[in-house]
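Pasting the sequence and the predicted coordinates here, then a few questions.
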Amino acid sequence: MIIEASDAERYPTLSKDGRHMLDFMREHPAAPVYRNQSGNRLQPDEVDTLRQFEATIREASVGWPRGGAPEWRAGFVERCFKSVPYYKSLGSPPQRFEDIPTVSRKDLAQDIARFVPDDVALERMINFRTTGTTGHPLLIASHPLVAGSYLAFHKRALRRFGIELSHGKGQVGVVLLGYQRKCFTYVSVTPTMEESGLAKINLHPADWKHADDRGRYIDALAPEIIAGDPISFSEFLKLSISHKPKALISVSMMLLPGLRTQLENRFECPVLDIYSLNEVGPVGVFDAQSGGHVLLQPELYVEILDPKGKPTTNGERGEITLTGGFNFCLPLLRYRTGDHASLSFGADAPVLIELAGRSPVRFRLESGNWVNNIDITHALHPLAIAHFSFHQAADGSVALSLAPSAMWLADAARAALKPLFGNQDIRIDMLAAEDKTIQYTSDLAGATA
């Protein structure tokens, strides 16, 4: 039997103003069907802790010496080997950091409890499930303080573009967008922002009394920030909305420049592309002047590894591998993300260059030469495509699959890819699923590293 938490448990510091905000978001005439309940679950002392954390992150420097290591790394390794069951089972830490075995999503999926430190109080822990696109469903160990800490890094990212958040009591701070057949939706308040409102909504018409209510509701909430992914933002562009947020934040999936430009022109605000993982939170924000995703966390160390697990040199591309993070329920050592980039050292922080999710895939041309999936991405950059996949079959034929709403771009997409593939036929299909898919796949031997 599942016992639902009460509002007092979901919102321990809820005031009269906070209650009014929740009622406003739930009971507005254009409100969607909210299918779930959630809350910040923060105790008063934890709210103070988060405010102090935000101040620290605001002023913190990010990075480490080129060819060196951050000062905090040795102590972090020692704590993991003393308190985390998985690392305790390995014995003493090796003398060389590079000799610590790497771990992956598959390891976490097999037994997440082995990666939770012994000294974390279980009664305050929370968890959530994520499916991703890797075939390894994952239960993430977390805590209300960890969930509340995301805001500090989003504020840091926004501040990079001159944006300071100000919405507080009686205002809606953030609306999170989804566009899925089934989506976790809820309302909450943010105690560190004077209980400003937060709503997670699903733009799929099935969650609304009338499809036009989607735009009416967002206009009524007038959120300071709207966050989503390229799929939900593509639907968002279709709505009749007059509200102009301070910024849009895109997470979870690759955001092509064409779609970013379309969003910026329509809503007259910056669009931030944040590389974020459920396992470690916000990692970096794209900054064109810096040439890639600038790292956001002061205690997150990034290695770039080759297929054999060895660190790359001279700015070579490889797998993004992470150590550290702010999730004290899930401290990670040399966690292989499955995502790929190269690493450079910018003026104020390290930068992930040409970030691409999941393993690199190459595609064979009729000439017998190969092109990288990055080349495909570059070719499609000018187009406002939110959701696509590209596949090469065992016979060498290739197919680009687009979301139904983007099929009108089929001819433009084929033309954009023609300089790469020449006279080779490029079939355009319709994506079978509205949800996330693996973007690049091939049945050819030698296509993947």
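Thanks, I have it. Keep in mind that this is a model prediction, so the values were computed, not measured.

Met430 contacts Pro404, doesn't it?
Yes: contact criterion Cβ atoms under 8 Å: Met430 and Pro404 qualify, at 5.7 Å. Where you see a C-beta, it was placed from the backbone N, CA and C, and this is true even at glycine.

gap between the two ends of stretch 127-140?
Terminal residues of stretch 127-140 lie 5 Å apart, using Cα to Cα, to the nearest Å.

any idea which helix or strand of the protein has the worst average confidence?
strand 126-130 (a mean of 74; mean pLDDT, DSSP states H and E).

Sort out which residues of the helix or strand following that strand are buried, please.
Helices and strands here follow DSSP states H and E; after strand 126-130, the next one along the chain is strand 138-142. Residues of strand 138-142 classed as buried by neighbour count (16 or more other Cβ atoms under 10 Å): 138, 140-142.

could these go into JSON lines alongside pLDDT and distance to Arg19?
Below are those laid out as JSON lines (pLDDT from 0 to 100; distance: Cβ to Cβ, whole Å):
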{"residue": "Leu138", "pLDDT": "75", "distance to Arg19": "35"}
{"residue": "Ile140", "pLDDT": "88", "distance to Arg19": "30"}
{"residue": "Ala141", "pLDDT": "90", "distance to Arg19": "31"}
{"residue": "Ser142", "pLDDT": "92", "distance to Arg19": "26"}
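
Name the nearest of those residues relative to Ile225.
Ser142 (21.7 Å; Cβ to Cβ).

which ones are touching that closest one?
Going by Cβ atoms under 8 Å, 6 or more residues apart in numbering, Ser142 touches 125-128, 327, 329-330.

where do the helices sit along this protein?
Per DSSP state H, the chain carries helices over the ranges 7-10, 16-27, 44-59, 73-83, 85-88, 105-110, 144-160, 213-221, 230-236, 257-267, 373-380, 410-421.

what does the first one rub up against?
Contact partners of helix 7-10, identified using Cβ under 8 Å, 6+ apart, comprise 14, 22, 37-41, 188.

Same check on the fifth one?
Applying Cβ under 8 Å, 6+ apart, the set of residues contacting helix 85-88 from outside is 80-82, 93, 103, 107, 113-116, 118, 333.

quick one: average confidence on that helix?
Mean pLDDT, computed over helix 85-88, is 97.

mind listing what's buried in that helix?
86-87.

Equivalent analysis for the first one, please.
Applying a neighbour-count criterion of 16+ other Cβ under 10 Å, one finds Arg10 buried in helix 7-10.

The second one too?
Going by neighbour count (16+ other Cβ under 10 Å), the buried part of helix 16-27 is 18, 21-22, 24-25.

Please apply the same query to stretch 77-92.
Applying 16+ other Cβ under 10 Å to stretch 77-92 flags 77, 80-81, 84, 86-87 as buried.

roughly how far out does it sit from the chain middle?
Distance of stretch 77-92 from the chain centroid (Cα atoms, centre = their mean, to the nearest Å) equals 28 Å.

before we move on, what about stretch 156-165?
Relative to its chain's centre, stretch 156-165 lies at 18 Å (Cα atoms, centre = their mean).

And stretch 58-70, by the same measure?
Stretch 58-70 sits 22 Å away from the centroid of its parent chain (Cα atoms, centre = their mean).

cool, and stretch 52-66?
Its chain's average C-alpha position is 20 Å from that of stretch 52-66, according to Cα atoms, centre = their mean.

So what touches it?
Stretch 52-66 has contacts (Cβ under 8 Å, 6+ apart) with 70, 73, 149, 151-153, 155-156, 159, 192, 295-298, 301, 345, 348-350.

what number of residues lie near the closest residue to Asp273 other than its chain neighbours?
Distances taken as Cβ to Cβ, 6 or more residues apart in numbering place Phe286 nearest to Asp273, at 4.0 Å, with adjacent residues excluded. As a burial measure, Phe286 scores 22 neighbours (other Cβ atoms under 10 Å).

doesn't Leu296 make contact with Phe286?
No: the criterion here is Cβ under 8 Å, and Phe286 misses it with Leu296 at 11.3 Å.

so Gly215 touches Lys238, yeah?
No: using Cβ under 8 Å, Gly215 makes no contact with Lys238, being 9.2 Å away.

who's more crowded, the two?
Gly215 (18 against 12).

Enumerate every residue touching that one.
Residues in contact with Gly215, defined by Cβ under 8 Å, 6+ apart, are 239-241.

and if we set it to 10 Å?
30, 203, 236, 238-243 (Cβ atoms under 10 Å, 6 or more residues apart in numbering).

I'd like these as JSON lines, with distance to Pro382 and pLDDT appended.
Putting the contacts of Gly215 into JSON lines (distance: Cβ to Cβ, whole Å; pLDDT from 0 to 100) gives the following:
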{"residue": "Ala30", "distance to Pro382": "35", "pLDDT": "98"}
{"residue": "Leu203", "distance to Pro382": "25", "pLDDT": "94"}
{"residue": "Phe236", "distance to Pro382": "20", "pLDDT": "96"}
{"residue": "Lys238", "distance to Pro382": "20", "pLDDT": "92"}
{"residue": "Leu239", "distance to Pro382": "24", "pLDDT": "96"}
{"residue": "Ser240", "distance to Pro382": "26", "pLDDT": "96"}
{"residue": "Ile241", "distance to Pro382": "25", "pLDDT": "96"}
{"residue": "Ser242", "distance to Pro382": "28", "pLDDT": "97"}
{"residue": "His243", "distance to Pro382": "28", "pLDDT": "97"}
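
now, which of those residues sits nearest Pro223?
His243 (7.7 Å).

Show the backbone phi and psi for the closest one.
phi -70, psi 140 (degrees, to the nearest 10).

what's the neighbour count on it?
Counted with other Cβ under 10 Å, residues neighbouring His243 total 14.

and the gap between it and Tyr217?
His243 sits 10 Å away from Tyr217, taking Cβ to Cβ, to the nearest Å as the criterion.

How about Val116?
Distance, Val116 to Tyr217, by Cβ to Cβ: 39 Å.

Can you flag the buried ones in the contacts of stretch 52-66?
70, 73, 149, 151-153, 155-156, 192, 295-298, 301, 349-350.

Low-confidence regions, the stretch 301-449 of the chain specifically.
Where the stretch 301-449 of the chain drops to pLDDT under 70, the residues are 358-360, 374, 386, 433-437, 448-449.

Do you have the strands of it handy? List them.
Assigned by DSSP state E, counting those that start in this stretch, the stretch 301-449 of the chain shows strands spanning 318-324, 332-345, 350-356, 362-364, 370-372, 388-392, 398-402, 426-430, 440-442.

residues near Gly170, how many?
Using other Cβ under 10 Å: Gly170 sits among 14 other residues.
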